[in-house]
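Asker: next input, structure requested:
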Amino acid sequence: MQEHFTLVDHPLVQHKLTKMREKSTSSAVFRQLLREISHLLAYEVTRGLPMTTTPIETPMEAMEAPVLKGKKLALVSILRAGNGLLDGVLELIPSARVGFVGLYRDEKTLQPVQYYFKVPKDLEQRVVIAVDPMLATGNSSVKAIDLLKEAGAKDIRFLCLLAAPEGVARMKEAHPDVAIVSAALDRQLSDIGYILPGLGDAGDRMFGTK
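Answerer: Just a heads-up that it's a prediction; the model follows:
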């Protein structure tokens, strides 16, 4: 198993993330940066995937060459902001199966409310990568992982852009077997459950909504 929390401190990731944090960055630029960062984060979250070999012929000779083992990966977007990461990761792994978990956060209780769930079959035989830009309170993420496990998933990884210490702790308590990969571990949550210093609401920044 990977470390429970992996911080991707690659210079390109950090540079692009700084541009995303800047409040004057437009929605179009924000989306493009998120897509670019998702490519880089995908390399880390897919590290250690099971491998096997297959016989091939190069122009020079026959060889046993490495290929991914088992069923195709499942990428699961936690709606709606997860779609920003999903698009970029899917460009890198176009053969992956795709699922969606629809959750919104009740602004009074900060608890997740489910409104949609559609995932690929045979999750128990797939590596599942759940994507959501923000790991804040951790409540929505924990709920999404609960649902994925109920659907049969056993090997789950969680990919996010920003994480708060509170969210990482909540996930570790509820799902210690789920590795988290993030571009940043920010200082703390605000009184209303937003990451500080953060970048605001990722969905609003991405889609230009308020």
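Asker: what about V113, how many neighbours?
Answerer: 12 (other C-beta atoms under 10 Å). No exception for glycine: its C-beta is placed from N, CA and C like everyone else's.
Asker: ok, now how distant is it from Y194?
Answerer: Computed with C-beta to C-beta, to the nearest Å, the distance linking V113 and Y194 is 18 Å.
Asker: check M134 too.
Answerer: Distance, M134 to Y194, by C-beta to C-beta: 9 Å.
Asker: neighbour count for the two, which is higher?
Answerer: M134 (26 against 15).
Asker: is it true that that one touches D204?
Answerer: No: taking C-beta atoms under 8 Å as the definition, M134 is not a contact partner of D204, at 11.3 Å.
Asker: give me the contacts around stretch 90-105.
Answerer: 35, 39, 42-43, 46, 72-80, 82, 86, 89, 111-120, 126, 130, 137, 139-140, 143-144, 147-148, 193 (C-beta atoms under 8 Å, 6 or more residues apart in numbering).
Asker: please identify the buried residues of that stretch?
Answerer: For stretch 90-105, the neighbour count (16 or more other C-beta atoms under 10 Å) marks 90, 93, 96-97, 99-103, 105 as buried.
Asker: show me the beta-bridge partners of the closest residue to S190 other than its chain neighbours.
Answerer: Of all residues beyond its chain neighbours, the one nearest S190 is L196 (5.4 Å), with distances taken as C-beta to C-beta, 6 or more residues apart in numbering. Applying DSSP bridges to L196 yields these beta-bridge partners: Q188.
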